[in-house]
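>>> Sequence and predicted structure, then a few things I'm wondering about:
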Amino acid sequence: MILSRRSFVAAATTLRTLSASARNVAAPQPYGPLPSAPQLHWSEMEIYNFLHFTINTFTDKEWGYGDESPALFKPTAFDADAIVSTLKESGSKGVILTCKHHDGFCLWPTKTTERSVKNSPFRNGRGDVVKEVSEAAQRQGLKFGVYVSPWDRSQASYGHPEYIQIYRQQIRELLTGYGPVFEIWHDGANGGDGFYGGARERRIIDKLHYYDWDNTWKMERDLQPGAVRFSDVGPDIRWVGNEKGIAGDPCWATYTPVGADGGPASPGNVKESEATSGTRNGKFWMPAECDVSIRPGWFWHEAENARVKTSRELLTLFYDSTGRGASFLLNVPPDRRGLIDEPDSESLRGFGKLVREIFSRNLAKQAGSIVASNIRGNDMAYGPHMLLDDSLDTYWSTDDRVTTAVIVFDFPSSVTFNLVRMRENIRLGQRIGGFAVDTWIDSAWRQVAVGTSVGSCRIVRLSNTVRTARVRLRITECPVCPAVSEFGLFLES
């Protein structure tokens, strides 16, 4: 079907608010595992931040041993609002605080241990870093998440059954005292050398059974039903298998976790290479999160001040994470003042500015007409103009029997671009298994982009900038009819 520019604009305006119930043709049937409501909300965030900040900041370590004195935690100018404001300028939608790292020091006045801010100089022993960060995030419109390490190198009971009750009590305190939480982060580092209340020994735990994860996750779901739970094996969000911030290509949102030995998987025991790509038609909807630090280390070290990733490096990581259907979790560690250091702040602001400038203008909206090889039931509620209406709820789709299809965008004058962005309507599952983008050059179609997985977001960075008056999207492989909610062309200068 062909739409002129005038009829295209009119149709887009009229039909943008149509709901599925108002359509004349039945919506496509869902395909495969589907995301939950919390997973859908999480996928729309795309960019958010880690704050690695604890006693390690003051000992110049990455992993504390568990014997450090709480008196060492003494930020001189801690300002949660200043931290969150800097993150917000970068385009961040949320912040996850390392409330307890492996050394066991707690950034809130927990009842479970004396190793916490209540016995530190911070705010004269009356401080609560978790409270200050969570409230600053709420004031500035960012979501708040908690990192709470399963491993605790300070606890004498670690490795024994009674520690699990301590760990769950810490989680309960965090999930009941600080408002809504969007993500609960469980590290895969479990067991090894530690202080363990003075034992100073190595303790190895059964990663599959020791933590009784099913009951811990159930408790978390009961306490914070809107939160996603992260670990190597989800159950909601999976680790991408590296700390480089790079998803696989493809990177499927579905996943069937397998242990490193081919057996059952658990936090700290997974085939990392498979986590990077996910599993096409996997058992669970468990999209990937790409964690990476803006510095070489996870905590602030003065010696790394000249090694902060640049704005352009962060942009490339964004393409390689969010742009492959995962999320971009960028760690930004506060310094010993309790602030984001100047080199990090400069890079973050530059990155946010780049993303806003690049994606503020979808050149595909300049199309004078759009031709779709098939429209579901010839119902314009599934027409190709739905790709350009800025809504994730509307989408172009085809008849059930049509699993490969083409859309051609014709422009009144040539457009110049080097980025292509697509989104599927993931409420109906991850459907597309292959796509290509062609441009009309020298009276012939020339392929400029090709890929497999799409999911919540797919950004293809072209090898060269293209100038053309015609663009063609081809869905080349799909086991069922496609459901595409967005198609965009952008220029990165």
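Done, it's in. Remember, it's a predicted structure, so these values are computed and weren't measured experimentally.
>>> Got the domain ranges for the chain?
2-30+362-490, 37-359 (automatic domain parsing).
>>> Next, format those domains as JSON lines and append mean pLDDT and mean neighbour count.
For glycine as for every other residue, the C-beta is placed from the backbone atoms N, C-alpha and C. Shown next, in JSON lines, are these (pLDDT from 0 to 100; neighbours: other C-beta atoms under 10 Å):
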{"stretch": "domain 2-30+362-490", "mean pLDDT": "90", "mean neighbour count": "18"}
{"stretch": "domain 37-359", "mean pLDDT": "98", "mean neighbour count": "20"}
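>>> Tell me which stretches of this protein form helices.
5-15, 37-43, 56-59, 80-89, 129-139, 161-176, 213-223, 272-277, 311-320, 342-359 (DSSP state H).
>>> Nearest approach to F299 belongs to which of those helices?
Of all the helices of the chain, helix 56-59 sits nearest to F299, with 4.6 Å by C-beta to C-beta.
>>> Spatially central residue for this protein, please.
In the chain, the C-alpha nearest the mean C-alpha coordinate belongs to S327, at 2.2 Å (C-alpha atoms, centre = their mean).
>>> That one contacts L317, doesn't it?
No: between S327 and L317 there is no contact under C-beta atoms under 8 Å: 11.5 Å.
>>> Touching both of these two, which residues are there?
Contact criterion C-beta atoms under 8 Å, 6 or more residues apart in numbering; residues shared by S327 and L317: C290.
>>> Distance-wise, check the residue nearest to the centre of the chain relative to Q447.
29 Å (C-beta to C-beta, to the nearest Å).
>>> Over to R470?
Distance from R470 to Q447, by C-beta to C-beta: 13 Å.
>>> do the same with K61
50 Å.
>>> do the same with K74
59 Å.
>>> same check, this time on F53
F53 is 47 Å from Q447, by C-beta to C-beta.
>>> Identify the residues contacting S149.
T98, K100, H101, H102, G104, H186, D187, A189.
>>> Could you identify the most distant pair in these?
G104 and H186 (15.3 Å).
>>> quick one: N215 and E173, what's the gap?
From N215 over to E173 (counting by C-beta to C-beta), the distance is 17 Å.
>>> what does E135 give?
Distance from E135 to E173, by C-beta to C-beta: 16 Å.
>>> and what of Y319?
Distance from Y319 to E173, by C-beta to C-beta: 38 Å.
>>> same question, V402
54 Å.
>>> ok, for G434, nearest residue in space, not its chain neighbours?
E477 (3.2 Å; C-beta to C-beta, 6 or more residues apart in numbering).
>>> The one you found contacts A436, correct?
No: taking contacts as C-beta under 8 Å, E477 lies outside contact range of A436: 10.0 Å.
>>> what's across from A483 in the sheet?
S397 (DSSP bridges).
>>> List the contacts of it.
Per C-beta under 8 Å, 6+ apart, neighbours of A483: P28, Y395, W396, S397, E424, N425, L428, R431.
>>> Now for the residue nearest to the fifth one when sequence neighbours are not counted: which residues touch it?
Pointing back at E424 there. Spatial nearest neighbour of E424, excluding adjacent residues (C-beta to C-beta, 6+ apart): V454 at 4.8 Å. V454 is in contact with G325, M422, R423, E424, Q430, I432, F435, V484, counting by C-beta under 8 Å, 6+ apart.
>>> I'd like to know which of those is nearest to Q366.
Q366 has its nearest neighbour among these in M422, at 17.5 Å by C-beta to C-beta.
>>> returning to what we had before: farthest pair in the contacts of V454?
Greatest spatial distance in the contacts of V454: G325 and V484, 13.6 Å, computed using C-beta to C-beta.
>>> Start and end of stretch 193-207, how far apart?
Terminal residues of stretch 193-207 lie 16 Å apart, using C-alpha to C-alpha, to the nearest Å.
>>> Stretch 277-293 too?
21 Å.
>>> Ok, stretch 210-230 next?
Across stretch 210-230, first to last residue, C-alpha to C-alpha, it's 18 Å.
>>> which residues are contacting that stretch?
37-39, 41-42, 145, 150, 159, 164, 167-168, 171-172, 175-176, 180-186, 190, 205, 231, 235-239, 266-267, 289.
>>> what residues are up against E424?
Counting by C-beta under 8 Å, 6+ apart, E424 has contacts Y395, Q430, R431, I432, V454, G455, S456, P482, A483, V484, S485.
>>> Could you measure from N49 over to H41?
On the measure of C-beta to C-beta, N49 and H41 end up 17 Å apart.
>>> again with Y210
From Y210 to H41 the distance is 31 Å (C-beta to C-beta).
>>> nearest to R115, of the contacts of A483?
Among the contacts of A483, and counting by C-beta to C-beta, the member closest to R115 is E424, at 46.2 Å.
>>> separation between the closest one and I475?
10 Å.
>>> shared neighbours of those two, anything?
I432, P482, V484.
>>> my guess is R458 meets I426, correct?
No: here R458 lies out of contact with I426, judged by C-beta under 8 Å, at a distance of 11.5 Å.
>>> Cool, thanks, talk later.
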